[in-house]
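Peer 1: Predicted model and sequence follow; I will ask about them next.
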Amino acid sequence: MPSDFLESLTGEFTPLYLAPQAGVSESPFRRLCRSYGADVVVSEFVSATGIVMGSPRSREYLRFDSEEHPIGIQIFGADPGMMADASAFVAETYGPDFIDINFGCPVKKVVKRNGGSGCLRDLDLVASIIQAVDRATPLPTTVKIRSGFNEESRDPVGIALRCQDAGARVLCIHPRSRADMYKGKARWSEIRAVVEALDIPVLGNGDISCAQDAYRMRDETGCAGIMIARGSHGDPWIFREARAVLDGKPSPPPPDLAERLNICLEHAGNAIAFGGDPQRAIIDFRKHLGWYTKGLPDGRELRTKLFRTTSLSDVKALLESYLQTYTGVHS
């Protein structure tokens, strides 16, 4: 991959991005996905207000390791001045490779404050936010959008053009409306329409659950890069498999049961080291335990036990016992 993430979007190479996902895209998971071939990672979305007001929790979301480069910090908010101040602080203090603006989050508590996809109800506000952020930092400004707030306002090309005109250097589109949430099928034809309308690189996002989906998205939409979100849950090796398929090579086999559980344990250990409070970290990690064990024989029984754990040693004991019982059984 070219050293500059913008340069990588202009050639034959198709970079793979780990999507910004609240409660999922923490540093330990970003590093794990990088190790399996994610070319670019993006942080969990962070409140601009929280950053400017010095919220310890918001500042925690901004931490990343040098091995995570190229990395973008994603921020959200509905006040252009606050977004500009937050961007300037992040750029100067943390030094990511780009600042990403969230115009896509459909979660009610974000939207009710006009953040995330709530901004899509006012495209003048969208343009003002992008312009303010772009002026505030020397870093490239990128954006993530949905196709509209609801079906009536659905206008992916119109929204994307406003973002480009306001100064966005890269645009990622998840072709669902806010009203769709995560239901139905992502309309990949809208990604193609945006690709054809814009001069800047366009990333496709939505419904990538396996390596072949990544290949089909590139083929059907002509997108410059592919962002993977829910498809990475419990499956960070999706990046390794997708890279092989995109490069015309055979997809490597998925990890066997022993490797899969070892990856899970390594991830859990890193999450604890990063989080500081071991018990709180394991409780937060339970969602990953559920994803890593999805589809395993008697997985529901295993998950029931794992979801009661409060220490890494308990998790390790359960997984080792399970492995001993099912040695030779592949996921």
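Peer 2: Done, it's in.
Peer 1: And the strands in the stretch 51-200 of the chain, which stretches?
Peer 2: For the stretch 51-200 of the chain, the strands defined by DSSP state E, counting those that start in this stretch cover 71-76, 98-103, 141-148, 170-177.
Peer 1: any chance of the ones you listed in CSV, plus mean neighbour count?
Peer 2: C-betas here are computed from N, CA, C, even on glycine. Listed next are the strands of the stretch 51-200 of the chain as CSV, based on neighbours: other Cβ atoms under 10 Å:
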stretch, mean neighbour count
strand 71-76, 27
strand 98-103, 26
strand 141-148, 27
strand 170-177, 27
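Peer 1: Compare those strands and report which one is nearest to Q324.
Peer 2: Comparison of the strands of the stretch 51-200 of the chain against Q324 by Cβ to Cβ identifies strand 71-76 as nearest, at 38.6 Å.
Peer 1: the inter-axis angle of that closest one versus strand 141-148?
Peer 2: 50 degrees (axes from the mean of the first three to the mean of the last three Cα atoms, to 10 degrees).
Peer 1: Run through the neighbouring helices and strands of strand 71-76.
Peer 2: With contacts taken as 3 or more Cβ pairs under 8 Å, 6 or more residues apart in numbering; DSSP states H and E, strand 71-76 sits against strand 40-42, strand 46-47, helix 48-52, helix 80-94, strand 98-103.
Peer 1: pretty sure F103 contacts D122?
Peer 2: No: with contact defined as Cβ atoms under 8 Å, F103 does not count as touching D122 (10.7 Å).
Peer 1: how about the strands of the stretch 51-200 of the chain in JSON lines, adding mean pLDDT?
Peer 2: Listed next are these as JSON lines, based on pLDDT from 0 to 100:
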{"stretch": "strand 71-76", "mean pLDDT": "96"}
{"stretch": "strand 98-103", "mean pLDDT": "95"}
{"stretch": "strand 141-148", "mean pLDDT": "95"}
{"stretch": "strand 170-177", "mean pLDDT": "95"}
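Peer 1: Columns distance to Y292 on top of those strands, output as JSON lines?
Peer 2: Formatted as JSON lines, those follow (distance: least, Cβ to Cβ, whole Å):
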{"stretch": "strand 71-76", "distance to Y292": "24"}
{"stretch": "strand 98-103", "distance to Y292": "27"}
{"stretch": "strand 141-148", "distance to Y292": "26"}
{"stretch": "strand 170-177", "distance to Y292": "25"}
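Peer 1: Quick one: closest of those to W237.
Peer 2: strand 71-76 (20.1 Å).
Peer 1: G206 and I145, how far apart?
Peer 2: 12 Å (Cβ to Cβ, to the nearest Å).
Peer 1: intersection of neighbour lists for those two?
Peer 2: H174 (Cβ atoms under 8 Å, 6 or more residues apart in numbering).
Peer 1: contacting residues around L323?
Peer 2: With Cβ under 8 Å, 6+ apart, L323 has these contacts: L257, A258, L261.
Peer 1: My guess is the first one contacts T325. True?
Peer 2: It refers to L257. No: with contact defined as Cβ under 8 Å, L257 does not reach T325; the gap is 10.5 Å.
Peer 1: out of those two, which sits in the more crowded spot?
Peer 2: The residue with more neighbours, out of L257 and T325, is L257; 18 against 11, by other Cβ atoms under 10 Å.
Peer 1: And the pLDDT at the more buried one?
Peer 2: Note on L257: pLDDT of 94.
Peer 1: now swap in the one 3 residues further on and tell me
Peer 2: Reported pLDDT at R260 in the predicted model: 96.
Peer 1: packing partners for the helix or strand containing it?
Peer 2: Assigned by DSSP states H and E, R260 belongs to helix 257-275. With contacts taken as 3+ Cβ pairs under 8 Å, 6+ apart, helix 257-275 sits against helix 27-35, helix 278-292, helix 312-325.
Peer 1: Now find how far off-centre stretch 177-189 is within its chain.
Peer 2: Mean C-alpha position of stretch 177-189 versus that of the full chain (Cα atoms, centre = their mean, to the nearest Å) differs by 17 Å.
Peer 1: ignore the last one, stretch 139-152
Peer 2: 14 Å.
Peer 1: Quick one: low-confidence residue ranges for the protein.
Peer 2: Scanning the chain for pLDDT under 70 picks out 1-3, 106-109, 111-114, 328-331.
Peer 1: mind redoing it with 80?
Peer 2: Filtered on pLDDT under 80, the chain yields the residue ranges 1-5, 8, 11, 104-115, 117, 178-179, 276, 327-331.
Peer 1: Run the angle between the helix holding R260 and helix 278-292 for me.
Peer 2: 150 degrees.
Peer 1: Just the buried residues of helix 257-275, please?
Peer 2: Going by neighbour count (16 or more other Cβ atoms under 10 Å), the buried part of helix 257-275 is 257, 260-261, 263-265, 267-272, 274-275.
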